[in-house]
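Undergrad: Build me a structure from this.
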Amino acid sequence: MTKSYAIALAFGFVAAFLMGANSVMVRYLTTDLHGLQIAVFRLWIACSVIFLMLTVSGRRPNLFQLDRFNLLASAGFTLNYITFHVGLEHTSATNAMVLENTAPFFVLLFLVVAGVEKIRWYDVLATGIALLGVYFTVRHDFDAGASGNWVGDFWELGAGFSWAIFIVGSARSVKNTKTTMDRMEVLLKILLPSALVLTPSLLLYPLEATVPDMMLLVLLGVLSTAVGYYLWYEAMATVSTVTAALLAVLSVVFTFVIAYVALGEEMTSDILIGGALIVAGVILPGLLSARPKSSAGSGKLSGGDDS
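TA: Sure, this is the predicted structure:
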């Protein structure tokens, strides 16, 4: 594993931690706010922060110059928020978490079909290990089609599918950048259209936010969204699209860790085993890709860029 790859993974781990913290904070906020309301507020806060940072740096982003990958990522991001929250009304939070995190499988499928990036045998292995880890963390509570109602679970599979679209679109957008500010501008171009599309959903539910709620929303927008996604994009510029998808899955581990430390929730052996599998899946491609080309060069499933 090269130094630059290790640094990228470090960025990804911090991003996953912030995304995990996001899950814990959202759990608290949903007592007063609907999930879509939380999404809209955090997106607008994040977009404002990113725009301010770009402006301070002297950059004037052209928000109307969007390429097909920007549009693909923004569409996937928006659809993910809609499908996830609609599905959550018909299934359990555990089912939602497991099914949304099928995204790496769909990422593999998209890349193989499109042929835009090499898929190595260890990418497939790492994905399988990480998804097994997700299942292990909640296997005692996971019940697909509970009570014969599959509607919510299908919506959550749609959330995994659309999240994969967002990841693939983001990765292709990031691969076309050269600097940190380039990637920050890409992030703004992806999040802003989603914020605009989702804003009308504020009219669907009464707004009952308290002062503590607003403070948490600011933290969500600044840390978990603006900083978290920025660090994830920095990692994405170096690692493969599959590894970028697995870094997002890593947030599951930090969700349980933060809930254990901050809320005193139980840390079971299944969670520990599942967490170890997820971490192994994340770092495995970096370890195996460091082998000599002669031994690691075979086993490619598709052609394209080597990230």
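Undergrad: which residue is nearest the centroid of this structure?
TA: Most central residue of the chain, judged by C-alpha distance to the mean C-alpha position with C-alpha atoms, centre = their mean, is Ala248 at 4.1 Å.
Undergrad: Only alpha carbons, please: show the helix or strand harbouring it as PDB.
TA: Assigned by DSSP states H and E, Ala248 belongs to helix 241-249. The C-alpha atoms that make up helix 241-249 are tabulated as PDB, following Å, rounded to 0.1, in the frame of the first residue of the first chain:
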ATOM      1  CA  THR A 241     -14.800   3.300  -6.900                       C
ATOM      2  CA  VAL A 242     -15.400   0.000  -5.200                       C
ATOM      3  CA  THR A 243     -13.200   1.000  -2.200                       C
ATOM      4  CA  ALA A 244     -15.000   4.400  -2.100                       C
ATOM      5  CA  ALA A 245     -18.300   2.500  -1.800                       C
ATOM      6  CA  LEU A 246     -16.900   0.400   1.000                       C
ATOM      7  CA  LEU A 247     -15.700   3.400   2.900                       C
ATOM      8  CA  ALA A 248     -19.300   4.600   3.000                       C
ATOM      9  CA  VAL A 249     -20.300   1.200   4.400                       C
END
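Undergrad: how far does it sit from the chain's center?
TA: Centroid separation between helix 241-249 and its chain, computed with C-alpha atoms, centre = their mean, to the nearest Å, is 8 Å.
Undergrad: so what secondary structure elements neighbour that helix?
TA: Judged by 3 or more C-beta pairs under 8 Å, 6 or more residues apart in numbering; DSSP states H and E, helix 241-249 is in contact with helix 3-29, helix 103-114, helix 121-138, helix 151-175, helix 228-236, helix 269-288. No exception for glycine: its C-beta is placed from N, CA and C like everyone else's.
Undergrad: can you tell me the average pLDDT over the longest one?
TA: The predicted model gives helix 3-29 an average pLDDT of 88.
Undergrad: in stretch 203-221, what counts as buried?
TA: By neighbour count, and taking 16 or more other C-beta atoms under 10 Å as the criterion, the buried residues in stretch 203-221 are Asp213, Leu216, Leu217, Leu219, Leu220, Gly221.
Undergrad: what angle separates the helix holding Ala248 from helix 269-288?
TA: What separates the directions of helix 241-249 and helix 269-288 is an angle of 150 degrees, with axes from the mean of the first three to the mean of the last three C-alpha atoms, to 10 degrees.
Undergrad: where does the stretch 151-300 of the chain dip in pLDDT?
TA: 290-300 (pLDDT under 70).
Undergrad: For Thr243, find the nearest of the helices and strands packed on helix 241-249.
TA: Each of the helices and strands packed on helix 241-249 was checked against Thr243 via C-beta to C-beta, and the shortest separation belongs to helix 269-288, namely 5.2 Å.
Undergrad: list the buried ones in the closest one?
TA: Buried positions in helix 269-288, judged by neighbour count with 16+ other C-beta under 10 Å: 271, 274-275, 277-286, 288.
Undergrad: which residues sit against it?
TA: Where contact means C-beta atoms under 8 Å, 6 or more residues apart in numbering, the residues beyond helix 269-288 that reach it are 1, 5-6, 9, 12, 120, 122-123, 125-140, 239-240, 242-243, 246-247, 249-250, 252-253, 256-257, 296.
Undergrad: centre of the chain versus it, how much separation?
TA: Per C-alpha atoms, centre = their mean, the displacement of helix 269-288 from the mean C-alpha position of its chain is 17 Å.
Undergrad: what do you get for stretch 63-77?
TA: The chain centroid and the centroid of stretch 63-77 are separated by 16 Å under C-alpha atoms, centre = their mean.
Undergrad: now do stretch 78-97
TA: Between the centre of stretch 78-97 and the centre of its chain there are 14 Å (C-alpha atoms, centre = their mean).
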